[in-house]
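>>> what's the 3D shape of this:
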Amino acid sequence: MINGLSGYNYDFDMVSITIQLLILICYIARKNMPVRQNSSFLRAMIANLVVSFFDIVACELLAIWQQVPVFLLYFFNIGYFFMFAVRIWYLFDYVIEVTRAYRWVTKRDRVLVALPCIVYLALVITTPIHKGIFYIDSAAGYKSGYLYKGLYHLSYFYVVLSLLIVINRAKKINKRIIMGSVAFNAVLLVGLWVRNLFPKVLVMGFFSTTAIFIIFLSALNPDIYYDKEVKVFNKLAFETIMVENIYKKYTFHIVIVKLRNFDVLKTVYGINQTLSAVDEVGAWLNDNFSKTNIYYFGNGLFALSWRFLDDYEEKINKINARFEEPWVSSGTEVTFTPAMAVIKPANMPDKTSEIIELIDYVSENNMDFENNSYIIVDEIIIGKMRRKRKVEKTIARVLKDNQMKAFFQPIYSTKEKKIVGAEALARIIDPEMGYIPPNEFIQIAEQNGSIMEMGRQIFERVCEFISKYDLKAMGMEFVNVNLSPAQCLNEHLAEEFKMIAEKHKVSLDMIDFEITETSIEDLLKIQAQMENLKKEGATFSLDDFGTGTSNLTRLLSLPLSVIKLDMSVVWSYFKGASKILPDLVNMFKKSNLRIVVEGVETKEMCDTLAEMGCDYEQGYFFSKPIPGEDFIKLISKETK
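Next up is the predicted model:
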């Protein structure tokens, strides 16, 4: 036990000083985010060290107070009380920053909240005059004043206020911040209570250090904000820094750097080798742009941000010049092909979530351009991103309300010379956005996973349509329903569709499922689903043949009965650009496959394709996709 001259127990204070120094060294040794919560934490940590120092020195001097000049006794004791209050203020200020409470705590509010601390500090400094906090008695030495307990009241005030702020912001901050903030303030409350119970044990410094340690682990540990592989700031750090930049109205640029061949290189070199090369990229960016924050979002996507309005072209040219050379990792040369985009301050969104959304959108949709070039993210791109978001919300609302619509396009039989079937096509007609093109909403639905529910609802619309109008009795032989690649990987697809068909008393022999060439990438899974549906009477077509890179051997191993030739192949033939169409028709006919041609728009095309041997035709010559009621009217006219 360490007691010293004063008889106070210094064990806890000595341990706390050691821990504080270790935390301080770890903190300073790493690059930390340039945000105020970090500076508040650093100041609280320094204040805590100073408090421990003043506490020990003041106690020792008071043990020999008769041999020490009075001004020194006042200096160290005033220093202790002063820094004690400063420490509690910076811990409170940290809570305001980490919970982002500054969004609703105005400067005026902050001044009002700071008043108790300011008043107390003034009382501490002037204590030799009024003797309210403490005084040095000429006969007895150190004496507590009538305002001595104010230090504890002040501490309780800010700790309780901190907890109230955390509770108020609980729904808007993540659990890690909530738990850390509640934990360190709870530790401070316990420390204050113990200090009151055992005044001879210098324990408050230990509890304060424990609180700081909790903050470090829960919120300010640099590892939380660093990408472990690439060793630069991660997406969480980007979000944290951007929130403060926007709130404080800093002007800043962002440069997006996308390694376009990242996925290809993972296949060629393996994930570990490729990430090792990406690590080299991150290290080079850190070394060459010291005043710039470097972030890695994953999947070969970097972002650079800085507050200075310097020439972004200089940065881009420097990056491009370096990427002309390979990156050497573990003796292996890896060549990345970068594409870059710049978000200027004038076009910077005013929400962090929108900045992140914009970076993701640009990297996914606007980075397909020549190497050694870049694009400026302008209002057109931002408008497209915002439209995508609106479409996503519309899709979610439509699916939630079970409001997907199915339109039907006639399929004409060249043999029977009449409409014998239809293709069901998904449509969204929103009261606010109007008609949304299917190539737009289907792509978005495939990206966010809502295509599964969309497919279920369209299939249900088709079953409702068949059941309501008794299409078989009207001479209709089949209705084609599209299956997306994502649906084809659903192991319960056959079971779900069978249940929907039974619900509407529809036989699956009326359904012809259309799959695309991309659907057959996982051959075993799609084949199993096809066989299950085939047992119930369903048939299958390969849609849009001619737009992919199909392996014919794999195609013919599937239970297909129809091949649909894409309109691009048909139009190319009639424009004289390609003569492959008759050969394709002949090849598939020899394989006992029926053929549907898309894109038929004229009588000449209709007759020529029929003579060529095509079984079915589909296109605007017969009708564009129309609602079910209009389709019934169309085929009713044909039968009259």
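
>>> pLDDT weak spots in this protein?
Scanning the chain for pLDDT under 70 picks out 1-13, 103, 199-203, 220-222, 309-310, 366-372, 517-525, 546-557, 638-640.

>>> the longest strand in it is where?
The strand spanning the most residues in the chain, taking DSSP state E as the definition, is strand 418-430.

>>> pull out the buried residues from that strand.
Within strand 418-430, the residues scored as buried using 16 or more other C-beta atoms under 10 Å are Ile419, Val420, Gly421, Ala422, Glu423, Ala424, Leu425, Ala426, Arg427, Ile428, Asp430. For every residue, glycine as well, the C-beta is placed using N, CA and C.

>>> so the third one versus Ile632, what's the distance?
From Gly421 across to Ile632, the span is 14 Å (C-beta to C-beta, to the nearest Å).

>>> list residues touching both of these two?
Where contact means C-beta atoms under 8 Å, 6 or more residues apart in numbering, no residue is in contact with each of Gly421 and Ile632.

>>> tell me what the host helix or strand of Ile256 is packed against?
Assignment of secondary structure by DSSP states H and E places Ile256 within strand 253-259. Counting contacts by 3 or more C-beta pairs under 8 Å, 6 or more residues apart in numbering; DSSP states H and E, strand 253-259 is packed against strand 301-306, helix 312-323, strand 338-343, helix 352-365.

>>> for the last one, which helices and strands make contact with it?
Spelled out, it's helix 352-365. Using 3+ C-beta pairs under 8 Å, 6+ apart as the contact criterion, the secondary-structure elements in contact with helix 352-365 are helix 235-247, strand 253-259, strand 293-298, strand 301-306, strand 338-343, helix 379-400.

>>> distance to Glu364 and mean neighbour count added to those, as a markdown table?
Listed next are the helices and strands packed on helix 352-365 as a markdown table, based on distance: least, C-beta to C-beta, whole Å; neighbours: other C-beta atoms under 10 Å:
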| stretch | distance to Glu364 | mean neighbour count |
| --- | --- | --- |
| helix 235-247 | 15 | 19 |
| strand 253-259 | 9 | 24 |
| strand 293-298 | 11 | 22 |
| strand 301-306 | 9 | 22 |
| strand 338-343 | 11 | 23 |
| helix 379-400 | 10 | 16 |
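
>>> right, and those - which one's nearest Ser353?
With distances scored as C-beta to C-beta, the stretch of the helices and strands packed on helix 352-365 nearest to Ser353 is helix 235-247 (8.2 Å).

>>> now the angle from that closest one to helix 352-365?
Here helix 235-247 runs at 120 degrees with respect to helix 352-365, directions being taken by axes from the mean of the first three to the mean of the last three C-alpha atoms, to 10 degrees.

>>> what residues does helix 235-247 touch?
With C-beta under 8 Å, 6+ apart as the criterion, helix 235-247 contacts 33-37, 100, 102-103, 224-226, 233, 250, 252, 293, 295, 297-298, 303, 305, 307, 350-352, 355-356.

>>> rewinding a little: now the helices and strands packed on helix 352-365 in a markdown table, with distance to Tyr146?
Listed next are the helices and strands packed on helix 352-365 as a markdown table, based on distance: least, C-beta to C-beta, whole Å:
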| stretch | distance to Tyr146 |
| --- | --- |
| helix 235-247 | 42 |
| strand 253-259 | 57 |
| strand 293-298 | 51 |
| strand 301-306 | 53 |
| strand 338-343 | 60 |
| helix 379-400 | 62 |
